[in-house]
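> Below are the sequence and a predicted model for it; my questions follow.
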Amino acid sequence: METDYSALPLLAVLLPMATAAAVVALRARPNLRETATVVGALLTFGVVLAMLPAMLDGRPHTIAAGELVPGVAPSLRADGFGMVFALSASFLWILASFYAVGYLRGEGAKKQTRFYASFALCLASTFGLAFAGDLLTFFAFYELLTVATYPLVVHKENAEARAAGRKYLAYLLSGGVALLAGTTVVYASTGALTFAPGGFAADALGPVALPVVFVLMAVGFGTKSGIMPLHAWLPSAMVAPTPVSALLHAVAVVKAGVFGFGRAIGFVLGPEPLADVGVTFYLGVLAAATIVIASLIALRQDNLKRRLAFSTIAHLSYIVLGMSILSAVAWEGALLHIVNHAALKITLFFAAGAIHIHLHLDRVSELDGVGWKMPFTMSAFAVASVGLAALPPMGGFVSKLFLVQGAFEAGDVVFGLVLVGSGLFTAGYLFPIVHRAFFRAPHPAPEHVHAGGHVPEAHAPEAQAPEAHAPAPDAYTTAGTDPAGTHPAGTDPAGAEPDRSADPHAGAEHDQSPTGDDDAHGQEHHEPAGIDASPLMVAPLVITALVGLALGLGDVLGVGGIAAGVADAVMGGAP
């Protein structure tokens, strides 16, 4: 394979950094600050797109520095695997930028400059690890992504946000330590860290050190990708504003984890040596268990963002399971699901945020009749739900088809059945939301509701049950306990938001008054007017839903061909 030496991969990293600097410089002029965010996203996508023709022609753009230590020269290389990730992230950053403007204005959020700057730095880190040509460069950007995202997780600066931030750092930095240990062993054994399709380190590591390194890397990448039992930080992080949730779950952070699994299995340790020692089977078992358990937990969540969070945990394990199967077809499905899940899940989170801003609702049990108040938002939600349930003609169907086919072709029948059944789980926790939105009449909110969501006896209507006016729960949010058996379903304190029936401006998303903050924009809240939320929020979520449909109808930007080429190269060890 030829190489085009070019500064474009570096430019894709530097542009978001420059965007962050521009945001800070324009902090006193909110309109220009927001314009800088959008322009930076557009320019970055243009740079990534400019590298596509050369990559398709077998000449990936590459830039390298001098050797830091013998055998290690940090480099950026826009290969096929990195391009799949970067194309998805750069395109969605454009839409997320518009959405964030609408959301933060509607919320009257404080510290918006810090928000936009941190958001841009997260994307810079994402492109750095996507284009990393070696394990050292990858590790540096992987950890920078953790640090850059922290201010977003704790954005509200209340007790719940700070607790979520501590948990986030504890899990992800611990994973980083494990990854660093694995990287150190690889370098000590091989004297090299440059990625190669099919792997480069197995022979030097030998049958004893190879499983050890794999476990260390699995812990390092498992924390970000939410593999159980390393997932607990992720639902807690839902305390962050919805644009952050979309970033965490669709664009960058968790996808960095599954992308890391791909680099470790396909470009460092190698599929064949890992198959010989049998360690990927155990990773597959963990991924399959995560799919089932996370889906069951999602069924019981009444808080919409928490339901989507556990859905994300399950769908990330689709990708990890596909990579652990060590089949070219399953690998192709895994790569396609990186893109499909990104478009579909960001749609759902965008919709959740739009509902929160427009109607001040956050619980599934409150969403009766919402589809008629927000028809565009909930139609997009319905389309994305169909895609995540892997029904045609959505892109989610295509990636799921490859994953299932690869599992059965490899003889992993149980894994294949788990993947087939997972579509029913997804339908089970998403379709009732759509049904509520379009096929149930809205219920009037009770006049006096405590934060826990119950009607006190002192205010309950006489001669009737206290819940007479409360929204009727669907089949998956009835009374019960969480897996630990300590909290009612949908009320897990790790990230559940308080009921807003009594005061739509109370709770996690409204805990900071923007009054007196020069950095706030759009400070006053008004009653919903007109059909649906702000076009700044609705347009991006409609577009992402349509992208999810387009990915099922055709090979958008050649992503399908790229995924097939990467899978063949990894499994065959070819360039």
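Done, it's in.
> all strands for this structure, in order.
Here the chain has its strands, by DSSP state E, at 4-5, 61-64, 75-77.
> got these as CSV, with mean neighbour count, distance to residue 18 and mean pLDDT columns?
Just so you know, the C-beta spots here come from the backbone N, C-alpha and C atoms, and that holds for glycine as well. As requested, those are exported to CSV (neighbours: other C-beta atoms under 10 Å; distance: least, C-beta to C-beta, whole Å; pLDDT from 0 to 100):
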stretch, mean neighbour count, distance to residue 18, mean pLDDT
strand 4-5, 12, 22, 78
strand 61-64, 20, 17, 94
strand 75-77, 23, 16, 96
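> Next, format those as TSV and append distance to residue 306.
Listed next are those as TSV, based on distance: least, C-beta to C-beta, whole Å:
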stretch	distance to residue 306
strand 4-5	45
strand 61-64	41
strand 75-77	37
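> Of the ones you listed, which is nearest residue 216?
With C-beta to C-beta as the measure, strand 75-77 is the member of the strands of the chain nearest residue 216 (23.0 Å).
> what comes into contact with the closest one?
With contact meaning C-beta atoms under 8 Å, 6 or more residues apart in numbering, strand 75-77 is reached by 3, 9-10, 13, 60-65, 128, 131-134, 137, 194-195.
> For PyMOL, what selects the buried ones among these?
Command for PyMOL, covering only those of the contacts of strand 75-77 found buried under the criterion 16 or more other C-beta atoms under 10 Å:
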select buried, resi 9+10+13+60+61+62+63+64+128+131+132+133+134+137+194+195
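> In helices, which of the contacts of strand 75-77 fall?
9, 10, 13, 128, 131, 137 (DSSP state H).
> and of those residues, the nearest to residue 564?
When those are ranked by distance to residue 564 (C-beta to C-beta), residue 131 comes first, at 20.6 Å.
> Give me the pLDDT value at the closest one.
According to the prediction, residue 131 has pLDDT 97.
> rewinding a little: export the ones in helices among the contacts of strand 75-77 as TSV, with columns for distance to residue 361.
Listed next are the ones in helices among the contacts of strand 75-77 as TSV, based on distance: C-beta to C-beta, whole Å:
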residue	distance to residue 361
9	43
10	44
13	39
128	38
131	40
137	44
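> now, which of these sits nearest residue 253?
Looking across the ones in helices among the contacts of strand 75-77 and measuring by C-beta to C-beta, the closest to residue 253 is residue 128, at 13.6 Å.
> Surely that closest one and residue 15 touch.
No. The pair residue 128 / residue 15 is not scored as a contact, 11.7 Å apart, by C-beta atoms under 8 Å.
> joint contacts of the two?
Residues touching both residue 128 and residue 15 by C-beta under 8 Å, 6+ apart: none at all.
> Roughly how far does residue 169 sit from residue 91?
According to C-beta to C-beta, to the nearest Å, residue 169 stands 29 Å off from residue 91.
> sorry, that was for residue 232
With C-beta to C-beta as the criterion, residue 232 and residue 91 are 31 Å apart.
> Excluding covalently adjacent residues, which one is nearest to residue 127?
residue 12 (4.6 Å; C-beta to C-beta, 6 or more residues apart in numbering).
> Excluding chain neighbours, what is closest to the spatially most central residue of the chain?
Centrality entry for the chain: nearest residue to the mean C-alpha point is residue 249, 1.8 Å, by C-alpha atoms, centre = their mean. With sequence-adjacent residues excluded and distances taken as C-beta to C-beta, 6+ apart, residue 249 is closest to residue 312, at 4.3 Å.
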